[in-house]
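Asker: From the sequence below, what's the structure:
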Amino acid sequence: MTLNGNINAASWSVAVDTAPAPQGGFSCQIHVTHTNGDAQFTHTFTHHRTFESETAAVLEGLREGMVWVELKSRHAFNL
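Answerer: Sure thing, here's the model as predicted:
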């Protein structure tokens, strides 16, 4: 069984999916979406760590996605 999580705030959304990692533990895929009127921006990336539990992977993935949103909102980088 894989876990997933989702956070929605204003025009931003962060979703996380977990999967068993080949070397053991769990990896997480992070999906960040921003909607502005009719336009939609999506960025997907894999967390750099592997986690012992799916719960830890989901929580850390959501945290990492929200950090990404904060940095993007502060114009720390451009994509």
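
Asker: can we go C-alpha only for contacts and neighbour counts from here?
Answerer: Will do.

Asker: where are the low-confidence patches of this protein?
Answerer: Low-confidence segments of the chain, defined by pLDDT under 70: 1, 79.

Asker: show me the biggest strand of it in terms of residues.
Answerer: Scanning the chain for the strand with the most residues, using DSSP state E, yields strand 26-36.

Asker: doesn't residue 31 make contact with residue 14?
Answerer: Yes. Residue 14 lies in contact with residue 31 (C-alpha atoms under 8 Å); the separation is 5.7 Å.

Asker: one step back: who are the packing partners of the longest strand of the chain?
Answerer: strand 12-20, strand 39-46, helix 54-73 (3 or more C-alpha pairs under 8 Å, 6 or more residues apart in numbering; DSSP states H and E).

Asker: got those as a markdown table, with mean neighbour count columns?
Answerer: Putting those into a markdown table (neighbours: other C-alpha atoms under 10 Å) gives the following:
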| stretch | mean neighbour count |
| --- | --- |
| strand 12-20 | 21 |
| strand 39-46 | 12 |
| helix 54-73 | 18 |
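
Asker: rewinding a little: need the residues touching each of residue 14 and residue 31.
Answerer: Shared contacts of residue 14 and residue 31, defined by C-alpha atoms under 8 Å, 6 or more residues apart in numbering, are found at residue 65.

Asker: which residue is nearest the centroid of the protein?
Answerer: What sits nearest the mean C-alpha location of the chain, by C-alpha atoms, centre = their mean, is residue 30, with 2.7 Å.

Asker: Adding distance to residue 6, write the helices and strands packed on strand 26-36 out as a markdown table.
Answerer: Shown next, in a markdown table, are these (distance: least, C-alpha to C-alpha, whole Å):
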| stretch | distance to residue 6 |
| --- | --- |
| strand 12-20 | 4 |
| strand 39-46 | 14 |
| helix 54-73 | 7 |
